[in-house]
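Visitor: Please find the sequence and the predicted model below.
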Amino acid sequence: QLPVVESGGGLVQPGGSLRLSCTASGFTLAYYAIGWFRQAPGKEREQVSCISSSDRTTNYADSVKGRFTISRDNANNTVYLQMNSLKPEDTAVYYCANLRSGYMCWTADPALYENWGQGTQVTVSS
């Protein structure tokens with residue numbers, strides 16, 4: 001069983017919205033900074049957003065600022081990514097993972113995150 005499960009992806013038209021969920025089993029997400037990443041075919045995995053453990057500080061990639069919102073529900077051990085005004089270039093497999101060291105989102109390097117799920121496909125197309 002994978003440590004986290006991402007869900008909520010799908011096919012949506014440009015301008016549409018989706019809410020992704022990242023739910024953990026076997027460990028508590030609240031203790032970690034959590035990042036959402038995406039990987040499009042032929043491209044490297046990139047972080048789109050991160051939320052810290054302590055004060056819930058959030059970071060966003062420039063390409064999604066103002067459109068995506070990350071949040072966490074510690075009671076349900078879940079982190080969400082609300083995606084609005086979706087564009088075709090948002091098409092990718094989306095993953096969540098926790099930062100190995102530290103409570104704040106001090107790095108966007110995927111190599112420093114762990115407990116990856118299998119991802120959820122987001123396709124933005126008319």
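Guide: Nice, I can see it.
Visitor: Starting from V122, give me the distance back to the closest residue to S125 other than its chain neighbours.
Guide: Leaving out its chain neighbours, the residue that sits closest to S125 by CB to CB, 6 or more residues apart in numbering is P88, at 6.2 Å. (Glycine included, C-beta is placed from N, CA and C.) According to CB to CB, to the nearest Å, P88 and V122 sit 11 Å apart.
Visitor: Could you check which of these two is surrounded by more residues?
Guide: Using other CB atoms under 10 Å, the more surrounded residue of P88 and V122 is V122, with 22 against 11.
Visitor: Excluding covalently adjacent residues, which one is nearest to the more buried one?
Guide: In this structure, V122 finds its nearest non-sequential neighbour in G9, 4.6 Å apart by CB to CB, 6+ apart.
Visitor: Show me where the protein has its strands.
Guide: Along the chain, the stretches classed as strands by DSSP state E are 4-7, 10-12, 18-24, 34-39, 46-51, 58-60, 68-73, 78-83, 92-99, 113-114, 120-124.
Visitor: Dump the ones you listed to JSON lines, plus mean pLDDT.
Guide: Putting these into JSON lines (pLDDT from 0 to 100) gives the following:
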{"stretch": "strand 4-7", "mean pLDDT": "96"}
{"stretch": "strand 10-12", "mean pLDDT": "98"}
{"stretch": "strand 18-24", "mean pLDDT": "97"}
{"stretch": "strand 34-39", "mean pLDDT": "98"}
{"stretch": "strand 46-51", "mean pLDDT": "98"}
{"stretch": "strand 58-60", "mean pLDDT": "96"}
{"stretch": "strand 68-73", "mean pLDDT": "96"}
{"stretch": "strand 78-83", "mean pLDDT": "97"}
{"stretch": "strand 92-99", "mean pLDDT": "97"}
{"stretch": "strand 113-114", "mean pLDDT": "96"}
{"stretch": "strand 120-124", "mean pLDDT": "98"}
